[in-house]
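# Predicted model and sequence follow; I will ask about them next.
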Amino acid sequence: MKKEILIATNKKAYHDYELSDEIEVGIVLTGTEIKSVRESKVSLKEAYCYIEKGELFIDSMHIAKYEKGNIYNHDEKRTRKLLAHKSEILKLLNKVKAKGYTIVPLKMYIIRGRAKLLIALGRGKKLYDKRKDIQEKDVKRDLEKALRR
């Protein structure tokens, strides 16, 4: 039974990408960063992941400066290392190279005191796909309203 505290979600990723192969990874944070994460001062909107020299990194994830952090505060959008098994990284690398996928962060949460990130492989949607999804969502909402009456 895992008690999960949700910190941030990337709603834009669900709208802009067709998602597959979700993986939970750890994230390397400094002291002031984890304190800001616990206060839910995180944004995954513009964040993206990449693989370099067999290691997984996340870039442009915004973690606000800790208010009481003084000179030891962190850079808000620095590149952070993600912790995953070598086999998972190789699997991601093969799909990114071969099929044109990108690695997108979906959620950040805390389990047992550890910050975790849910990442997935995403393929960019075309504009007409996005319109179709919005239309399906509207139809579903209308059906639910009709059923409630």
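Looks like it came in fine.
# Could you list every helix and strand that the longest helix belonging to the chain packs against?
Counting residues, the longest helix found in the chain (DSSP state H) is helix 127-148. Helix 127-148 makes packing contacts with helix 11-16 when contacts are defined by 3 or more Cβ pairs under 8 Å, 6 or more residues apart in numbering; DSSP states H and E. Where C-beta positions appear, they are placed from N, C-alpha and C, glycine not excepted.
# Just the buried positions in the next helix or strand after the helix it packs on, please.
Using DSSP states H and E, the helix or strand that follows helix 11-16 towards the C-terminus is strand 17-27. Of all the residues in strand 17-27, those buried under the rule 16 or more other Cβ atoms under 10 Å are Tyr17, Leu19, Ile23, Val25, Ile27.
# any idea of the mean pLDDT in strand 17-27?
Across strand 17-27, the average pLDDT comes to 89.
# Please save the CA atoms from that strand in PDB.
Taking Å, rounded to 0.1, in the frame of the first residue of the first chain, the C-alpha atoms of strand 17-27 are listed here in PDB:
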ATOM      1  CA  TYR A  17       1.100  13.800 -27.100                       C
ATOM      2  CA  GLU A  18      -0.100  10.200 -27.700                       C
ATOM      3  CA  LEU A  19       1.500   8.500 -24.600                       C
ATOM      4  CA  SER A  20       2.800   5.000 -24.100                       C
ATOM      5  CA  ASP A  21       5.300   3.100 -21.900                       C
ATOM      6  CA  GLU A  22       5.100   4.900 -18.500                       C
ATOM      7  CA  ILE A  23       8.000   4.500 -16.200                       C
ATOM      8  CA  GLU A  24       8.500   5.700 -12.600                       C
ATOM      9  CA  VAL A  25      11.900   7.200 -12.000                       C
ATOM     10  CA  GLY A  26      13.700   8.800  -9.100                       C
ATOM     11  CA  ILE A  27      15.100  12.300  -9.300                       C
END
